[in-house]
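Enquirer: the following comprises the amino acid sequence and a computationally predicted model.
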Amino acid sequence: MVNFTVNGRGVDVDVDPETPLIFVLRNDLALNGPKLGCGSGLCGACTVHVDGRSVRACQMPIKALAPHSRITTLEGLGTPERPHPLQAAFIAEQALQCGYCTSGMIMEAAALLADKPSPTEAEIIQHMNANLCRCGCQQRVVRAIQRAAGKGV
Amino acid sequence: MTIDPHVNLSRRAFAIAAASAAAGLTIGFRLASAQAQGPQAGPPVPPMIKDNPQLDAWVRVAPDGTVTVMTGRVELGQGILTVMRQVAADELDVAPERLRLISGDTAQTPDEGITAGSLAVKLGSTALALACADARATLIGVAAKAWGIEPQAIKIEDGVMSGPGGQRMGYGEAAGKISLSRPVDVTAKRKNPADQRIIGTSYPRVDIPSKVFAQQIFIHDLRPEGMLFGAVARPPAYAARLLSADLVAIRAMPGVVEVVRDGSFLGVVARREEQAQAAANRLAKSARWDLGMPLFGGKSVFEHLVTANAETAVLHDVKAAAPPPVLTHKVEYRRNFQAHASIGASCALAQWQDGKLDVWSHTQGPFPLRVALGRALKVAHETIRVVHAQGSGCYGHNGADDVALDAALLARAVPGKPVRVHWSHEEEMAWEPWGPAMVTRLAGGVAADGVLTHWTHDVWSFPHSTRPIRGTGCNLRSAWYLAEPVPPSKVEDNPMPAGGAARNAIPIYAAANQTVTSHFLADMPIRTSALRTLGGYFNAVSAEMFIDELAALSGRDPVAFRLANTKDPRLVAVLRKALELSGWTPGVVAKRPLAPEMTGTGIGLSRYKNSDAYVAVVAQVSVDTKTGGVRVHKLWSATEAGRAVNPDGVLNQIEGGMAQSTSWTLREEGRWNNGIMQAVDYGSYPIQDFATTPAMTSVVIDRPELPSLGVGEGSQAPTGAAIANAIFAAAGGRRIREIPFTRERVLEALRS
């Protein structure tokens, strides 16, 4: 039995401790935010926060979670009524096409802004570089992060 | 319903018919079917209306005023459902937010084949718009009759009609007095561009909020009660056949519910996703396989392309008198296999219940997929329902259809249980259809005055379109491996002028003598199909590389040389706009000594399919002559595609295509061993990232008075061409002849 909190709610799961976190989040907890992408930690679609740090959920077996870890997914970042500035900025900049990478993009960017509220464009590009978008919306994503930066993240 | 073919179908005649019909009586029988019209009977019938003539196949109005519009087109990440909503809302005068929109469901929507080829706006939205215009006029006719006034006197606000005397009638009430179960009146008049309020605006994408707030929208997120997970145990080579497998050992693995073997098709159903994957992996590894013949007989693919038996056909041939050339030039270019490489791999959900099959799929064509599934499963396709649900970005014929069959085959072993199959990224890369490797050879001549005398374009290629139901066969991958296999039909190339392998091989330049010859290899040791633009990207890139070489060899500036050889004002307009944006400086590309870093600027110009978007791109690059590394610093583009229904949507498609094409052009190629693709992850098949995506500045030239042209595949070719020509300029006229322009190939060209 592993216990942790997801988006502020306590969770107990009784699965093989080797199970990657992504499957627990998506299939046991029915969360849509984290996406299964490449499954190898190379694309970033599964990015979530564990105790405030961005983590590739496909690469983290749940046994590697410290007891009482706090996990945040896109669902826990904001809601339509109270959007996180990045969520509002992604809408304002129409910063996606298919949206499959979007959850990972926003979570990775949220970790950046929590650490560095006003990053330069070069810092954004460097920080986001391991999050892939095949539709080619990189320029819009950078603009969305710039728009959200400095808005009390 | 009886049809009277003699009734004149003009809009006025229809209004009279509507006005004279008794309340509540169906008036459909008064109208000839769209197909019954003779060639002289008014405007041409849009192809999608011809296939789906009934008005209520496109639009329905409920008594409470709810308006439902239906499209056979599907959302592939391109924003098409937003465009459909804009078009329908504008033509109907209903608030876009209030429309119900149903897309891609074999039980509910029109059959529009596949959503591909940049045709969804051009064909799909045109048909929907016409149906909505017809419905609006019909409903106005009802109110006009009831109030005894002219239809022109009626105003509409969000589905509520009002007359000058304060009369009001909602669409729901009006619809109750007539029937929309009748053919679409193809003479219905769409709004003038000046009267459009939503078409032509950058209406925000309707699906973006749900994606940004993690609501359930993707097929990967469907989780019906009792769902199980399936996975396929793949052979180690495309030509492999199963010799033996220990199914008992796999059945004993944790969570495994069923193990399925049908010929060489092997798969598992398990309670958990990771359990299904683990069992399928072990099953594939522990099974014994006969590997079959090596790919391409062990030759290089380019050698195979130009030496294997091909169907050779002259597809375009123009002859005219021309002055003698003072310069001739002949070249060969190559492009390797390239992949869709979506972030999310293909996924499907299937459930058998009482002998009927329901499938949720991100296919480009729910109706064709239904037929293909029927063939593979050997059941009547009418017993199958396919419902579209969104997947990851599509970019062409990927594994979406194939995985639907996998899910159906595995779900058949657990009747009543929904089974979701989500391929691994490696599985997608190895087993989806790839964009074909191609070879082009171009030859041309230039007269003393700088005018082209002749232009020949030969293209060698594997198929670019092997959609699931070509012919009578089945192109769903697992169907080929069943005990009773259902093979695909022999593939024929798509006909010109849109073409497949030879798409965009017809020059956009006015050479007096022009010949396009295709050498088509229907047999494909590595399965190929549609990658965004089909042959269009590589043919147009080849042509644009070639025209720059002709310009350089004849000592002319590439812009001046193009302008001397094209008269198409729309091409010239986008070219001039892109040059203006980029601050282009004229100059002749000439040999120069190597420096450690060399910069250059290049142009790419194209009219997609010779029929759709006009796009010009300027690229600025630098080449590190020590490492061969190319950096694209900046891209500028200008696009004209007639009426831009959603200008920001056009920009998003154009710039996304520019980013994707930059990656195709510089980084992407398939590598394989004797039996199967080996470039199966983002390490061995890298795609664009933030650091390698150039800064982009783009404009869309809107032409509201002109029909909308396909735009989703418009920028790939001119972007690749602009980058190629910028490298050509940077490297002092040294040309790299094989895409992608890897460091090794750049260094080799620099040494020449």
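Expert: Noted; the coordinates are in hand. Being a predicted model, the structure only gives us computed values, none of them experimental.

Enquirer: low pLDDT regions in chain A?
Expert: Within chain A, the ranges that satisfy pLDDT under 70 run A:151-153.

Enquirer: show me where it has helices.
Expert: In chain A, the helices defined using DSSP state H lie at A:21-23, A:74-77, A:85-92, A:102-115, A:121-128, A:138-148.

Enquirer: interface residues of the stretch 201-350 of chain B facing chain A?
Expert: Counting by CB under 8 Å from any CB of the partner chain, the stretch 201-350 of chain B comes close to chain A at B:204-205, B:207-209, B:211-218, B:220-221, B:223, B:229, B:254, B:272-274, B:340-345. The way it works is simple: take the backbone N, C-alpha and C, and place the C-beta from them, glycine included.

Enquirer: then the stretch 551-700 of chain B?
Expert: Contacts of the stretch 551-700 of chain B with chain A, taken as CB under 8 Å from any CB, map to B:648, B:652-653, B:655-660, B:681-683, B:687-691, B:693, B:695-696.

Enquirer: ok, back up a step: helices - which of the residues of the stretch 201-350 of chain B next to chain A land there?
Expert: Counting by DSSP H, these place B:208-209, B:211-212, B:273-274 in helices.

Enquirer: got a list of what the most centrally placed residue in chain A touches?
Expert: Taking CA atoms, centre = their mean, the centroid of chain A lies closest to A:Met107, which sits 2.8 Å from it. Residues counted as contacts of A:Met107 (CB atoms under 8 Å, 6 or more residues apart in numbering or on different chains) are A:33-34, A:47-49, A:54, A:72-74, A:77.

Enquirer: what's the answer for B:Thr106, then?
Expert: Applying CB under 8 Å, 6+ apart to B:Thr106 gives the contacts B:366-367, B:370, B:384-387.

Enquirer: ok, back up a step: any idea how far B:Ala308 is from the residue nearest to the centre of chain A?
Expert: With distances taken as CB to CB, to the nearest Å, A:Met107 is found 49 Å from B:Ala308.

Enquirer: also A:Asn32?
Expert: In this view, A:Asn32 and B:Ala308 are 47 Å apart by CB to CB.

Enquirer: ok, now B:Ser342?
Expert: Going from B:Ser342 to B:Ala308 by CB to CB gives 30 Å.

Enquirer: so those two - more neighbours on which side?
Expert: B:Ser342 (29 against 16; other CB atoms under 10 Å in any protein chain shown).

Enquirer: verify the contact between that one and B:Tyr395 for me.
Expert: Yes. B:Ser342 lies in contact with B:Tyr395 (CB atoms under 8 Å); the separation is 6.8 Å.

Enquirer: got any residues that touch both of those two?
Expert: Joint contacts of B:Ser342 and B:Tyr395 (CB under 8 Å, 6+ apart) are A:Arg134.

Enquirer: okay, now the domains of chain A?
Expert: Per the record, chain A has its domains at A:2-77, A:85-148, by automatic domain parsing.

Enquirer: quick one: end-to-end length of the last one, please.
Expert: The first and last residues of domain A:85-148 sit 5 Å apart, counting by CA to CA, to the nearest Å.

Enquirer: residue ranges in the stretch 251-400 of chain B under the pLDDT threshold?
Expert: For the stretch 251-400 of chain B, applying pLDDT under 70 flags no range at all.

Enquirer: contacts only, for the residue most central in space within chain B.
Expert: What sits nearest the mean C-alpha location of chain B, by CA atoms, centre = their mean, is B:Ala116, with 3.2 Å. Applying CB under 8 Å, 6+ apart, we find B:Ala116 in contact with B:364-365, B:396-397, B:530.

Enquirer: make it 7 Å
Expert: B:364, B:530 (CB atoms under 7 Å, 6 or more residues apart in numbering or on different chains).

Enquirer: and it, that one's in a strand?
Expert: No. Applying DSSP: H, G, I helix; E, B strand; the rest coil, one finds B:Ala116 to be coil, outside a strand.

Enquirer: kindly report the residues of the stretch 51-200 of chain B close to chain A.
Expert: B:77-79 (CB under 7 Å from any CB of the partner chain).

Enquirer: one more pass at 6 Å, please.
Expert: Proximity of the stretch 51-200 of chain B to chain A, by CB under 6 Å from any CB of the partner chain, involves residues B:Gly77.

Enquirer: ranges for the strands of the stretch 51-200 of chain B?
Expert: Listed in chain order, the strands of the stretch 51-200 of chain B (DSSP state E, counting those that start in this stretch) span B:59-61, B:67-71, B:100-103, B:155-157, B:160-162, B:168-170.

Enquirer: format these as TSV; extra columns: mean neighbour count.
Expert: Putting the strands of the stretch 51-200 of chain B into TSV (neighbours: other CB atoms under 10 Å in any protein chain shown) gives the following:
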stretch	mean neighbour count
strand B:59-61	23
strand B:67-71	24
strand B:100-103	18
strand B:155-157	13
strand B:160-162	19
strand B:168-170	16
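
Enquirer: among those strands, which comes closest to B:Pro586?
Expert: Of all the strands of the stretch 51-200 of chain B, strand B:67-71 sits nearest to B:Pro586, with 46.8 Å by CB to CB.

Enquirer: show residues contacting the closest one.
Expert: B:58-61, B:84, B:88, B:94, B:99-103, B:109, B:128 (CB atoms under 6 Å, 6 or more residues apart in numbering or on different chains).

Enquirer: in its sheet, which strands sit next to it, and in what direction?
Expert: Sheet pairing of strand B:67-71 (DSSP bridges) gives strand B:59-61 (antiparallel), strand B:100-103 (parallel).

Enquirer: would a markdown table of the strands of the stretch 51-200 of chain B with mean pLDDT be doable?
Expert: Listed next are those as a markdown table, based on pLDDT from 0 to 100:
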| stretch | mean pLDDT |
| --- | --- |
| strand B:59-61 | 97 |
| strand B:67-71 | 96 |
| strand B:100-103 | 96 |
| strand B:155-157 | 97 |
| strand B:160-162 | 97 |
| strand B:168-170 | 97 |
